[in-house]
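Colleague: Sequence first, predicted coordinates after that:
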Amino acid sequence: MKLTKLEIKGFKSFGDKITINFNEGVTAIVGPNGCGKSNVVDAIRWVLGEQSTKTLRSEKMENIIFNGTKNRKPANLAEVSLTFNNNKNILPTEFTTVTITRKLYRTGESEYRLNDVKCRLKDITDLFLDTGIGADTYSIIELKMIDEIIANKDNSRRALFEEASGISKYKVRKKQTLSKLKDTEADLSRVDDLLYEIT
Ligand code: ATP
């Protein structure tokens with residue numbers, strides 16, 4: 001699986017649409033201070049579903065929308081798309097090219113898309129589970145994360161190994177199933193109450 005393309009429009013410093021093609025041999029993005037290198041990484045994190053504004057270096061989510069400049073109006077919409085080549089079927093889908101998109105309007109409305117079809121954030125996180133790619137996995141490692149891994153804060157090293165060995169997906173499913181069981185138990189208890197009242 002390979003990251004092949006990143007498209008950004010109206011996100012942070014990118015008012016105009018930009019397309020970055022990760023062709024063979026591209027290994028780094030360089031540029032002067034403040035030109036937007038970290039914003040490119042933020043865009044990748046964001047489209048993968050990042051919900052933490054702190055991680056996105058922003059006070060509130062709305063601030064990730066292009067704020068305008070002296071000569072340009074602020075944007076009303078931030079939109080990021082990330083495209084992967086899935087010819088080895090590492091992502092559990094029949095598509096050989098997978099594009100995920102996230103949009104956020106200034107009104108607060110937001111939207112996720114998978115190959116241009118509206119979907120839930122859960123569809124995107126499920127798709128990337130155990131691939132190492134995701135908002136909170138090891139595909140993007142910042143300096144602060146290295147400190148956390150060394151200090152093993154919140155058992156973070158274990159979480160990395162679990163993701164790499166492919167068991168995080170089962171842990172997520174277990175959590176979802178336990179939550180459903182809890183709801184069902186609550187429903188059953190309600191049914192018992194009703195039966196008691198009726199009889
Ligand atoms: P350095 O090398 O110093 O770390 P960098 O190339 O990583 O810099 P970024 O941190 O990606 O730079 O970009 C910072 C720039 O992005 C700042 O000029 C900031 O004003 C701009 N910026 C951030 N959010 C927005 C926004 N919502 N609208 C417009 N510009 C923004």
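Modeller: Looks like it arrived, so ask away. Residues are numbered from 1 along each chain as shown.
Colleague: Show me the longest helix that occurs in the chain.
Modeller: Counting by DSSP state H, the longest helix found in the chain is helix 168-198.
Colleague: Pull the distance from that one to the chain's centre.
Modeller: 29 Å (Cα atoms, centre = their mean, to the nearest Å).
Colleague: Could you tell me which residues within whichever strand or helix holds Asp123 count as buried?
Modeller: Asp123 is part of helix 121-128 when elements are defined by DSSP states H and E. Neighbour counts over helix 121-128 (16 or more other Cβ atoms under 10 Å) mark 124-125, 127-128 as buried. All C-beta atoms are positioned from the backbone trio N, CA, C, and that covers glycine.
Colleague: and if you look at stretch 5-24?
Modeller: Those would be 5-12, 14-15, 20, 22, for stretch 5-24 by 16+ other Cβ under 10 Å.
Colleague: which of these sit farthest apart?
Modeller: Taking Cβ to Cβ, the two most distant members of the buried residues of stretch 5-24 are Gly15 and Phe22; they sit 22.3 Å apart.
Colleague: mind listing the strands for the protein?
Modeller: Per DSSP state E, the chain carries strands over the ranges 2-9, 18-21, 77-85, 97-105, 110-114, 117-119.
Colleague: who does Arg113 bridge with?
Modeller: Thr101, Lys118 (DSSP bridges).
Colleague: interface residues of the protein facing the ligand?
Modeller: 12-13, 31, 33-39, 63-67 (Cβ under 6 Å from any ligand atom).
Colleague: Can you tell me which of those residues is closest to Ser189?
Modeller: Among these, and counting by Cβ to Cβ, the member closest to Ser189 is Ile64, at 43.5 Å.
Colleague: Tell me if I'm right that that closest one and Leu104 touch.
Modeller: Yes: in this structure, Ile64 is within contact of Leu104 by Cβ atoms under 8 Å, at 6.9 Å.
Colleague: Please identify the deepest-packed of the strands of the chain.
Modeller: strand 77-85 (a mean of 21; mean count of other Cβ atoms under 10 Å).
Colleague: Alpha carbons of it, as CSV, please.
Modeller: This file holds the C-alpha atoms of strand 77-85, laid out as CSV (Å, rounded to 0.1, in the frame of the first residue of the first chain):
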residue,chain,number,x,y,z
LEU,A,77,-14.8,25.1,3.8
ALA,A,78,-11.7,23.1,4.5
GLU,A,79,-11.4,20.0,2.4
VAL,A,80,-8.6,17.3,2.4
SER,A,81,-8.4,14.2,0.4
LEU,A,82,-5.8,11.4,0.7
THR,A,83,-5.3,8.7,-1.9
PHE,A,84,-3.7,5.3,-1.4
ASN,A,85,-2.7,2.7,-3.9
